[in-house]
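[1] need a structure here:
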Amino acid sequence: MMRNDKNTIEQPFAICLRNDGYPTSLDVRKIYQILPAKHHQLRVIDGKPCLTLP
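    Numbering: from 1, shown residues only. Next comes the predicted model:
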């Protein structure tokens with residue numbers, strides 16, 4: 001979560017464009033909430049256990 005100039009919380013989201021290597025975990029064209037993870041990765045939140053992607 002990040003705070004903007006108006007001191008409101010912004011949550012980043014990502015859209016899955018390809019799911020090569022993760023076909024059962026990611027749905028193409030679905031919007032996912034993301035959290036930062038280590039080593040240039042993203043943590044995807046979709047209601048299932050968290051998935052960390054490169």
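
[2] in the sheet, who's paired with Leu42?
    Per DSSP bridges, the residues bridged to Leu42 are Pro36, Leu53.

[3] Relative to Asn7, how far out is it?
    As judged by C-beta to C-beta, to the nearest Å, Leu42 and Asn7 stand 25 Å apart. Bear in mind the C-beta positions are built from the backbone N, C-alpha and C, glycine included.

[4] Looking at the two, which one has more neighbours?
    Leu42 (16 against 6; other C-beta atoms under 10 Å).

[5] Please spell out the segments of this protein that come in under the pLDDT threshold.
    Counting by pLDDT under 70, the chain has low-confidence residues at 1-6, 47-54.

[6] Spell out which helix or strand contains the residue most central in space within the chain, please.
    The centroid of the chain falls nearest to Ile34 when counting by C-alpha atoms, centre = their mean (2.7 Å). Remark: Ile34 resides in strand 31-36, with elements defined by DSSP states H and E.

[7] quick one: the strands in the chain?
    For the chain, the strands defined by DSSP state E cover 2-3, 9-10, 13-15, 31-36, 42-45, 51-53.

[8] do you know which of those lies nearest Ser25?
    When these are compared by C-beta to C-beta, strand 51-53 sits nearest Ser25, at 5.3 Å.

[9] Bridge partners for Ile15, pull those for me.
    Counting by DSSP bridges, Ile15 is bridged to Ile31.

[10] can you pull the contacts of the nearest residue to Asp46 once chain neighbours are set aside?
    Once flanking residues are discounted, Asp46 sits nearest to Tyr32: 5.4 Å by C-beta to C-beta, 6 or more residues apart in numbering. For Tyr32, the contact set (C-beta atoms under 8 Å, 6 or more residues apart in numbering) comprises Phe13, Ala14, Ile15, Cys16, Leu26, Val44, Ile45, Asp46.
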